[in-house]
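**Student:** here is the input, now give the coordinates:
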Amino acid sequence: FSKELQGNTNDIAFEDRKKLIFKTVKQIVFNLACEKPVVFIFEDVQWADQSSIELLNMVIDSISNIPIFILCVYRTGFIHSWAAKPYYTQIFLKPLSKEETREMVSSLLDEEFLPGDISNAIIEKSEGHPLYIEEIVKTPIDEGAIVRTPFGVEVVKKLSEMKLPDKVEDIISARINILPQGVKKVLQTASVIGRKFQYSILKEVEGKEIEEELSHLENAETIFSVFTMSEKEYLFKHALIQQTVYDKLSSDVSAELHKKIAGAIEKIYKDNLGGFSELLAYHYSYTDDYSNAVKYFVLSAERAKKIFANESALQNYAKVVEFAGKIDEPVLLAKAYFNIGSLFFTAGKLEDALRNYELCLTLAQTNHKKDMVVPQELPTVADCLFETGRIYRRWGQFEKALGYYKSALDKAIEENDEKLRTRCLHRIATIYYEKSDEKKAMECAAQGLAIALKIDDKRTQSYFYQFIGIMNKNKGDYISAEQNLNI
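**Tutor:** Next up is the predicted model:
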């Protein structure tokens, strides 16, 4: 890892930390390429989060003279900035031609010729889509209309007697309906877990051995096992198969399965629930257990925030707002608004930040009016006023910012929040300094430093010593300036 990341990064600004992590990952990739050519394959790039796309863009921007091959598979509609690069090539996967469709059908059936009407019907309905072709060919086999024999394929029904569905979803549904009931039930549970599903979770939900059912589904080429270093996993052959199976479930059945799956995850991975927080939040969000949904959305948001995945954090906090509004959770709702405001502020989206701080302020003021004991973790009125002041200062509206900082200071005194008092005094001092009111600036700084010394807040002490030292220097008092800056 880079030297910058080997030490303590707590004092490094958010965006600078993100840059350091990106720089380190990029260096690891380049080090690998220095040893030998490297190939990276990224599938379903259209579903990647914003931070991952930013990292991918940074690497792609730097590989013109490095032996790295990056293959990105994505759907039409994904927007990127790679097209202008001389080392970029785009390959569009076009529908198969009629001749190519015939070849694929022949390959699937191990039969060079099919009756013309059947072959033409498959070509017409599939429209050259490989998945459609494969599923359409399997339908008459499953129904016994086409039979494999030691001597080849035998067509035992006329086209008019065959049931060739018009849409691929209908094809998948038809194949599901003819599965044995036990196999069908396992497939339905797997579809609720997701396109990729762990054997351990599926077995826990089903409450029995499921090897036979999974083997049946593998032979039917509906799922296949995937290699992992940790545990046994399976993957639906195509996302459309998983989605079609899931969509056919009633809302009551799917909700019950989501709840059972969440319970299985909590039981199996009880020592690593943080690593499964997004999955747990997803499953609980489809049940009536809103409390657990909120709990895991909060955990997911906090984990995303720690690794600077801001878009993911915002999405999870938005879900907290959605579900906390359904239950009496003013603390979680206020914290979500406050954190959303913080993330928008970091991203420079100040209007969005202000709107969320105002929502948090309303909740904080409501709780204070109730004359209740406010939970310690609830963002206070002073917190919201202070952050609002930061926004107006960023906009250059110093008088308005000063008003909010002073209001925040009054509330911090009322709430007995000494640490926030020092932050308010520091911001007020800097605004007075910018207004050339050095006397008030020094008074605020001296008052803030005294409180910081009292509560032993060394970081805030350093801010005030630096501020006072700079003011001493500007007045020509170099001895005092040196003393304060050295501290």
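**Student:** give me the most central residue, this structure.
**Tutor:** S312 (3.7 Å; C-alpha atoms, centre = their mean).
**Student:** tell me which other helices or strands the helix or strand where that residue lies touches.
**Tutor:** Assigned by DSSP states H and E, S312 belongs to helix 310-324. If you count contacts as 3 or more C-beta pairs under 8 Å, 6 or more residues apart in numbering; DSSP states H and E, helix 310-324 packs onto helix 50-60, helix 277-284, helix 290-306, helix 330-346. (Each C-beta comes from the backbone N, C-alpha and C, glycine too.)
**Student:** the second one packs against which elements?
**Tutor:** Meaning helix 277-284. By 3+ C-beta pairs under 8 Å, 6+ apart, helix 277-284 packs against helix 251-268, helix 290-306, helix 310-324.
**Student:** reformat the ones you listed as TSV; add mean pLDDT and distance to G207.
**Tutor:** Shown next, in TSV, are the helices and strands packed on helix 277-284 (pLDDT from 0 to 100; distance: least, C-beta to C-beta, whole Å):
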stretch	mean pLDDT	distance to G207
helix 251-268	96	9
helix 290-306	93	21
helix 310-324	92	29
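**Student:** tell me which residues of stretch 254-263 come out buried.
**Tutor:** 254-255, 257-263 (16 or more other C-beta atoms under 10 Å).
**Student:** tell me the gap between the helix holding S312 and the middle of its chain.
**Tutor:** Between the centre of helix 310-324 and the centre of its chain there are 10 Å (C-alpha atoms, centre = their mean, to the nearest Å).
**Student:** and what of stretch 118-135?
**Tutor:** Worked out by C-alpha atoms, centre = their mean, stretch 118-135 lies 36 Å from the chain centre.
**Student:** quick one: contacts of that stretch?
**Tutor:** By C-beta atoms under 8 Å, 6 or more residues apart in numbering, the residues outside stretch 118-135 that reach it are 94-98, 100-102, 104-105, 108, 114, 136-137, 140, 155, 159, 162, 164-166, 168, 171-172, 175, 238, 240.
**Student:** ok, of those residues, which come out buried?
**Tutor:** 96, 101-102, 104-105, 108, 114, 136-137, 140, 159, 162, 164-165, 168, 171-172, 175, 238, 240.
**Student:** return the subset of these lying in strands.
**Tutor:** Using DSSP state E to define strands, no part of those is located there.
**Student:** can you state the direction angle for the longest helix along the chain and helix 50-60?
**Tutor:** Secondary structure of the chain per DSSP state H: the longest helix is helix 14-35. Relative orientation of helix 14-35 and helix 50-60, computed by axes from the mean of the first three to the mean of the last three C-alpha atoms, to 10 degrees: 40 degrees.
**Student:** buried ones in helix 14-35, by neighbour count?
**Tutor:** For helix 14-35, by 16+ other C-beta under 10 Å, it's 17-18, 20-22, 24, 26, 29.
**Student:** and the helix or strand bottoming out on mean pLDDT in the chain, what does it pack onto?
**Tutor:** Lowest by mean pLDDT, DSSP states H and E among the helices and strands of the chain is strand 152-155, with a mean of 72. Under the contact definition 3+ C-beta pairs under 8 Å, 6+ apart, strand 152-155 sits against strand 146-149.
**Student:** ok, and for the strand it packs on, which residues are buried?
**Tutor:** The neighbour-count check on strand 146-149 (16+ other C-beta under 10 Å) flags I146 as buried.
**Student:** now swap in stretch 291-307 and tell me
**Tutor:** 292-305.
**Student:** mind putting these into JSON lines with distance to F40?
**Tutor:** Shown next, in JSON lines, are those (distance: C-beta to C-beta, whole Å):
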{"residue": "N292", "distance to F40": "37"}
{"residue": "A293", "distance to F40": "35"}
{"residue": "V294", "distance to F40": "37"}
{"residue": "K295", "distance to F40": "36"}
{"residue": "Y296", "distance to F40": "31"}
{"residue": "F297", "distance to F40": "31"}
{"residue": "V298", "distance to F40": "33"}
{"residue": "L299", "distance to F40": "30"}
{"residue": "S300", "distance to F40": "26"}
{"residue": "A301", "distance to F40": "29"}
{"residue": "E302", "distance to F40": "30"}
{"residue": "R303", "distance to F40": "25"}
{"residue": "A304", "distance to F40": "23"}
{"residue": "K305", "distance to F40": "27"}
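**Student:** farthest pair in those residues?
**Tutor:** N292 and K305 (20.3 Å; C-beta to C-beta).
**Student:** show me the helices in the stretch 1-150 of the chain, by range?
**Tutor:** 14-35, 50-60, 98-109, 116-126, 130-142 (DSSP state H, counting those that start in this stretch).
**Student:** so which of these gets nearest I210?
**Tutor:** helix 130-142 (21.7 Å).
**Student:** just the mean pLDDT for that closest one, thanks.
**Tutor:** Averaging pLDDT along helix 130-142 gives 78.
**Student:** how distant is that helix from the center of its chain?
**Tutor:** Taking C-alpha atoms, centre = their mean, one finds the center of helix 130-142 at 35 Å from the center of the full chain.
**Student:** just the CA trace of it, in CSV.
**Tutor:** Listed next in CSV are the C-alpha coordinates belonging to helix 130-142 (Å, rounded to 0.1, in the frame of the first residue of the first chain):
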residue,chain,number,x,y,z
PRO,A,130,-29.8,-16.5,-28.0
LEU,A,131,-31.6,-16.9,-24.7
TYR,A,132,-35.0,-17.0,-26.4
ILE,A,133,-33.7,-19.5,-29.0
GLU,A,134,-32.4,-21.8,-26.2
GLU,A,135,-35.6,-21.6,-24.2
ILE,A,136,-37.9,-22.1,-27.2
VAL,A,137,-36.0,-25.2,-28.3
LYS,A,138,-36.3,-26.7,-24.8
THR,A,139,-40.0,-26.2,-24.6
PRO,A,140,-41.1,-28.9,-27.2
ILE,A,141,-38.5,-31.2,-25.7
ASP,A,142,-39.9,-30.8,-22.2
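**Student:** angle of it against helix 116-126?
**Tutor:** Between helix 130-142 and helix 116-126, the angle comes out at 140 degrees (the same axes, to 10 degrees).
**Student:** list the buried residues for helix 130-142?
**Tutor:** 131-140.
**Student:** what's next to the helix holding S312, contact-wise?
**Tutor:** Contacts for helix 310-324 (C-beta under 8 Å, 6+ apart): 49-51, 278, 281, 285, 290, 293-294, 297-298, 300-302, 304-305, 332-333, 335-337, 339-340, 343-344, 346-347.
**Student:** that's all I had, so thanks and see you.
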